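> just coords:
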């Protein structure tokens, strides 16, 4: 009993931290929480649990930031992501996951370090490029549940404000979440253990979202950008070594 309670406490703590970070900068939740929860309860529990947590927190973050959504950007990204999801699922079956995730990790680390040493990335003017960036997000989301990186890179190149990041990203994540949840439910991944842990963490998700939202409102833009790059480096390291 004590061991089970300890697992629940650890999972709750991990989820609260990950959701708060997602609420603050708009991404990073699964890549932060997945490796840690996998160590605690195994991949078969971590994957469907974080899908449920992600869907819940994404909707809440979207509601909190609904007035800051850049609709001109989000609808293009959503269309691209939906087109990328089916081939992403196909890749999951036919391509070596470690090769793709390692390449993505290297890309994220290189992109972030390039910016942290004060090289200025170009200001991308063409909104139509949202479609290929969204497609890449859907591709990675369908294959490896990591749709965030292409969207974040697009937002950085488009010079989104800190306020725009959480809401605009969540609008894309919501569509991906529906697809993932349906797939998990149809394949029997919602086990009693998963549902028990989800029930335990559910009351803490709204508070974590609000903490992240408050942090987003007080951090200056320059520090926000530095935080984004540091989290991207962390995500890259997770993809390389997890």
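Everything's here; your move. Because the structure is a prediction, the values reported are computed rather than measured.
> Quick check: which ranges of the protein have low pLDDT?
1-4, 92-97, 100-101, 118-124, 143-145, 221, 242 (pLDDT under 70).
> residue ranges of the helices in it, please?
2-25, 29-41, 43-64, 71-94, 97-116, 130-144, 148-157, 164-186, 192-201, 205-218, 221-241 (DSSP state H).
> just checking, what packs against the fifth one?
Counting contacts by 3 or more C-beta pairs under 8 Å, 6 or more residues apart in numbering; DSSP states H and E, helix 97-116 is packed against helix 130-144, helix 148-157, helix 221-241. Every residue, glycine included, has its C-beta placed from N, CA and C.
> Apply 6 Å and report the result again.
Packing contacts for helix 97-116, counted by 3 or more C-beta pairs under 6 Å, 6 or more residues apart in numbering; DSSP states H and E, involve helix 221-241.
> For the helix it packs on, list every residue counted as buried.
224-225, 227-229, 231-236, 238-240 (16 or more other C-beta atoms under 10 Å).
> Might one say that residue 204 is in contact with residue 16?
Yes: between residue 204 and residue 16 there is a contact under C-beta atoms under 6 Å: 5.2 Å.
> got any residues that touch both of these two?
With C-beta atoms under 6 Å, 6 or more residues apart in numbering applied, the contact sets of residue 204 and residue 16 do not overlap.
> measure the residue nearest to residue 88 when sequence neighbours are not counted to residue 168 for me?
Nearest residue to residue 88, sequence neighbours excluded (C-beta to C-beta, 6 or more residues apart in numbering): residue 142, at 2.3 Å. Counting by C-beta to C-beta, to the nearest Å, the gap from residue 142 to residue 168 is 20 Å.
> Mind checking which of these two has more residues around it?
Under the criterion of other C-beta atoms under 10 Å, the comparison of residue 142 against residue 168 puts residue 168 first, with 27 against 24.
> for that one, what are its contacts?
Applying C-beta under 6 Å, 6+ apart, we find residue 168 in contact with 69, 70, 73, 74.
> and those residues as CSV, adding neighbour count?
Formatted as CSV, the contacts of residue 168 follow (neighbours: other C-beta atoms under 10 Å):
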residue, neighbour count
69, 18
70, 20
73, 23
74, 22
